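> here is a sequence together with a model predicted from it:
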Amino acid sequence: MKCALVTGGSRGIGKAICLKLASENKYHILVNYQSNEVAALETVKEIEALNGTAEILKFDVSNQEEVQTALSNWKEKNPDAIMETIVNNAGITRDGLFMWMHPNDWKSVIDTSLNGFYNVTNFFIQDMLRKKYGRIINMVSVSGVKGTAGQTNYSAAKGALVAVTKALAQEVAKRKITVNAVAPGFIKTDMTADLDEKELIKMIPANRFGEAEEVANLVSFLASDKSSYITGEIININGGIYS
């Protein structure tokens, strides 16, 4: 059984990625979630409606012990499963100006995006190296590439993931494992629902917000054999706002 794990896979971009990897890449999907079980189960239901297979997996990516326990238990129950693709999508925002930023707003954002990447990817990396195949896709952000005022914590976390992507790609390329990052701009999701879309699209050459499915199309390509000579890349998907 060839599998793909999508962290934060129950809603928004994560959910769109789960659906796409199930239908186009024919993976058995592990839908990771932290608290919203109803949304995670709904994602599984939609995957099954597309004739795909999926299951939910609860853990907080920032909690190493929780990640180890959940993934070890899953591996024990599924000894024949092969984890081919990891999409590190889980992320949170705690926006605010740096001078007033609470220590926990700094720590929690970095723990989720950056340490979450380490906890999940490090668990599977030796298996991928042994199998001589893997796809690691890190969801970053335009904030991590250019920096965004009011998001020093989020920019720091995603910027660090950009650097991790480039470094790890060089370590594992000989074993046919690619490591790439996808940097979305403004995408229509719960995370951007409160933004002033009319005002913001004036900054976007494409004159609109992106759709979660458009990001999922790119991830699906990077998870496929078509992308086997692309590694260490940060691919912007932002309607031309920053390229």
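That came in fine, so what should we check first?

> C-alpha from now on. contacts and neighbour counts both.
Fine.

> show me what the helix or strand encompassing Gly159 packs onto, helices and strands only.
Here Gly159 sits within helix 152-172, counting by DSSP states H and E. Using 3 or more CA pairs under 8 Å, 6 or more residues apart in numbering; DSSP states H and E as the contact test, the elements touching helix 152-172 are helix 103-110, helix 142-146, strand 177-184.

> now do the strands in the protein.
Secondary structure of the chain (DSSP state E): strands located at 2-6, 28-33, 53-58, 82-88, 134-139, 177-184, 234-237.

> which of the residues in the first one are buried?
Think strand 2-6. Buried positions in strand 2-6, judged by neighbour count with 16 or more other CA atoms under 10 Å: Cys3, Ala4, Leu5, Val6.

> give the pairing partners of that strand; include direction for each.
strand 28-33 (parallel), strand 82-88 (parallel) (DSSP bridges).

> hmm, back to that, of all the helices and strands packed on helix 152-172, which lies closest to Asn88?
strand 177-184 (9.3 Å; CA to CA).

> quick one: residues in contact with the helix or strand of the chain with the lowest mean pLDDT.
The least trusted helix or strand in the chain, going by mean pLDDT, DSSP states H and E, turns out to be helix 197-200, with a mean of 84. Residues from elsewhere that reach helix 197-200 (CA atoms under 8 Å, 6 or more residues apart in numbering): Phe209.

> run the last query once more with 6 Å
Residues outside helix 197-200 that contact it (CA atoms under 6 Å, 6 or more residues apart in numbering): none.
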